[in-house]
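Novice: only geometry, no sequence info:
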């Protein structure tokens, strides 16, 4: 039984229930779990830990790759199991706890968590909980639909709990490329020169003695919750494609573009979807997550290959992916997020970074994380890794939210995740502002006239004109700079009646 | 005559006056000049261009490494010669023009300008104006006290004007290491694994036909304008050294620390100066500029070697440096700023980044550039290159400015250059806040109690307490968030009477 999944017979005696495995946890421990954008997360232990916390107090610091599926983050947060959380989340219940100050959330660049663990800047991981396809004869752990920080957690943890997920196809073996940089200061260059290169192992090496428990599960990843494209995301896609086409025509890149990164979520997925009708071919992706659109582009042949740290698909696309999995193994590489998002590689490859903004201001500062400047949405994720170090940094957003009550273009971003130094191009359904080589005073009219919703343009123009009276590199009327957000809170709309 | 300086005889016929060389310039051109933090700037052409502009209109886009000396930036700005300027400046007259909106200033990460030129994101350089020690027989240009973006400008320019500075010692030959990354996407790893490694040439290769003019000069670099250490900078140095000592004792690094970067200016210079009385040894620097303190540490033996893109010294230290120049050639490497500040190298080496903040907020967002949120001081320089990609990002500031009328610790940074994601440690003369692994709500009390001036602590506590009532990951009272800056403008002090 399970011989194809647990290929080292001596490990069979580590088989136990999730409830038994949950007994290994102690209050105050730091736990590293697999899972990245709902893909490859542990399915059994989160619920078992919630049960376990009914016996004796259990407050954990929980690290993951990125967001978990199966409402695990919310269930654990509501049970008080998660006291500290990093580096990313996207769960409504956990979000409430974070914004109430009941869970401490450390919002990190996704490439940095592994580095900070290795350097000892963060408390070491006590237990790693890892979803796997199988364990190899020499103890290698084959991950499922994501790699995330899993290799780093396994490297550091005293105890490793492996969840073997029978629903994950054995054919996933060979998708992964596990490379972990050495300790600083004596570190080599990362020998990755192209998106498709394989530089590591197909499984995560671990001494079998450190495998403390093996738990069998059989439930699939939560499907992607990206919404289908709509009129506005189609318009955004057209603007982005028109811009990239202009770059090709100007001779700055050839029709294979540069390796593409696209953030998680509806808009980035829609823009990539739009590339199916584009003039580009032989494209590559070097991203952190592959959504439905990436599979569509692989199928259409326009995308030659795709590298990422996870695959997060709708239920229908997942079924198709599994059915044709042999077609993808040579064209998809799954890497640790430290490598998929690494500054060294992102800069070397000259990546085109496409990420979603919650809001941006008239000078090009971007808020990716904080609703109303104060309340956490999901986290910065990999957007900073790519926007800072990539060759072209594009941020997309719909021009308004809440039926027009909120303008995504504001005088002053109420929280800044990406500064004007790291933002090249801004796009909404109304148009695109190419900010390269422009001073703040030149950026503002472009952003207002090309990106803002027409209803908000008069207010933005009036702000900018008044700000200019005070002078400066980045003119502002500080008394009014955040007044739009205050007005929304007070009156229910940023629009001046 | 000049045979030791112009070693390719055929180039002798390119000798001309600066006034003659200035005739090569046309209105609207993009010009790349050598010069980085007052070191190695062209001495004759700036003044000649000012004269030249009296004949026919001359409005240039001026790119440099960083700031120029000799009031060149101000003279050219006042004459209207500089219409656009990037990526950094530190001149009072130019600053006035920038803040008046008369010069468009593009404030860039110092590692990115060369990359953007190469990618065609910026208009190509028409003429390069380069200070040199000498020209080699095969046409190689040996830079003087800085490298900056010089190699990139030379690579791209149609015409190269070389200023041979007779006051620059011939013994500078051998200090430089010129390496320029290839075009993307087919780029190799940068083969630099240690701060001391040499990976390039000792001069900048250029086809002799592209040398359009050679001008002889004889005046030295402007001396550094860093102020001597004072009581407050001494206290800041003590806090930083105490923190690093704690890191060593905790086993996170050995007493040689990690390669150090220190920004330009008085406080960073003072902190490095303080390292002379520290328990650390065999240290290295991998920085963008070496100030007096670096030479002192090389002399004391605590610093094994130093890598940077420029050397900016006081007059007395410069004299000492030249007198003992043979002692330094094996221990100092001068690199292009693209390499000294490169994300790939900064991350690989695990640099400790030490930069100066103008202000920071209670959550750890840092303003490095904008006085009062609107008016440009100097520019972001390399602080972003190092803070984002380094292993430890430390920002230092005095707790107050203008005799206490301005608090450097504010509720909300009026301009954000470095986000909470990129700031590990904050230091003022009052103390140090170690923010690693902390959520914003945990950061605020630390920053207020450890870093703020005691006079401002009650106001900051009151703000934070009121903000907490509104909840959120990063609590704020948006109506008051920027009120401190407005109060200063209105009443002359941020302090509530």
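Specialist: All right, it came through fine. All values reported here derive from a predicted model rather than from experimental measurement.

Novice: Grab the most central residue of chain A for me.
Specialist: Nearest residue to the geometric centre of chain A (Cα atoms, centre = their mean): residue A:381, 4.6 Å.

Novice: And that one, what's its pLDDT?
Specialist: pLDDT recorded at residue A:381 is 97.

Novice: Please name the residues that touch it.
Specialist: A:66, A:88, A:110, A:263-264, A:288, A:368 (Cβ atoms under 8 Å, 6 or more residues apart in numbering or on different chains). Quick note: C-beta positions are derived from backbone N, CA and C, even for glycine.

Novice: and it, which of the three is it?
Specialist: coil (DSSP: H, G, I helix; E, B strand; the rest coil).

Novice: Distance from the chain centre to the longest strand along chain A, please.
Specialist: With secondary structure taken from DSSP state E, chain A has its longest strand at strand A:127-135. The chain centroid and the centroid of strand A:127-135 are separated by 21 Å under Cα atoms, centre = their mean, to the nearest Å.

Novice: any idea of the mean pLDDT in the helix or strand following it?
Specialist: Along the chain past strand A:127-135, the next helix or strand (assigned with DSSP states H and E) turns out to be strand A:141-143. Strand A:141-143 comes out with an average pLDDT of 98.

Novice: How about stretch A:392-400?
Specialist: On average, stretch A:392-400 scores 98.

Novice: Over to stretch A:217-233?
Specialist: Stretch A:217-233 comes out at a mean pLDDT of 93.

Novice: So which bits of that stretch are buried?
Specialist: Neighbour-count burial for stretch A:217-233, counted by 16 or more other Cβ atoms under 10 Å in any protein chain shown, picks out A:217, A:220-224, A:226, A:229, A:232-233.

Novice: Residues contacting it, please?
Specialist: Stretch A:217-233 is contacted by residues A:18, A:38-44, A:69-70, A:131, A:144-145, A:163-167, A:237, A:264-267, A:269-271, A:273-274, A:291-292, A:312-315, A:317-318, A:398, A:429 when judged by Cβ under 8 Å, 6+ apart.

Novice: now the end-to-end length of it.
Specialist: End-to-end distance for stretch A:217-233, by Cα to Cα, to the nearest Å: 37 Å.

Novice: how far away is the closest residue to residue A:380 other than its chain neighbours from residue B:415?
Specialist: Leaving aside its sequence neighbours, residue A:380 sits nearest to residue A:417 (Cβ to Cβ, 6 or more residues apart in numbering or on different chains; 5.1 Å). Distance of residue A:417 to residue B:415, computed by Cβ to Cβ, to the nearest Å: 14 Å.

Novice: Tell me where the stretch 101-250 of chain A has strands.
Specialist: A:104-105, A:127-135, A:141-143, A:159-165, A:211-217 (DSSP state E, counting those that start in this stretch).

Novice: any idea of the mean pLDDT in the longest strand of chain A?
Specialist: Averaged across strand A:127-135, pLDDT comes to 98.

Novice: Likewise for stretch A:186-202?
Specialist: 97.

Novice: So which bits of that stretch are buried?
Specialist: The neighbour-count check on stretch A:186-202 (16+ other Cβ under 10 Å) flags A:189-190, A:192-193, A:195-196, A:200-202 as buried.

Novice: Let me know the pLDDT of the residue in the stretch 201-350 of chain A that chain B sits nearest to.
Specialist: For the stretch 201-350 of chain A and chain B, the shortest gap (Cβ to the nearest Cβ) falls at residue A:350, measuring 3.4 Å. Looking at residue A:350, its pLDDT stands at 97.

Novice: can you check residue A:269 too?
Specialist: Residue-level pLDDT assigned to residue A:269 equals 88.

Novice: Ok, the one 5 residues further on next?
Specialist: We have a pLDDT of 92 for residue A:274.

Novice: picking up where we left off before, quick one: buried ones out of the contacts of stretch A:217-233?
Specialist: Buried by 16+ other Cβ under 10 Å: A:18, A:38-44, A:69-70, A:131, A:144-145, A:163-165, A:237, A:264-267, A:269-271, A:273-274, A:291-292, A:312-314, A:317-318, A:398, A:429, out of the contacts of stretch A:217-233.

Novice: Among those, name the ones in strands.
Specialist: Among the buried ones among the contacts of stretch A:217-233, the members found in strands (DSSP E) are A:131, A:163-165.
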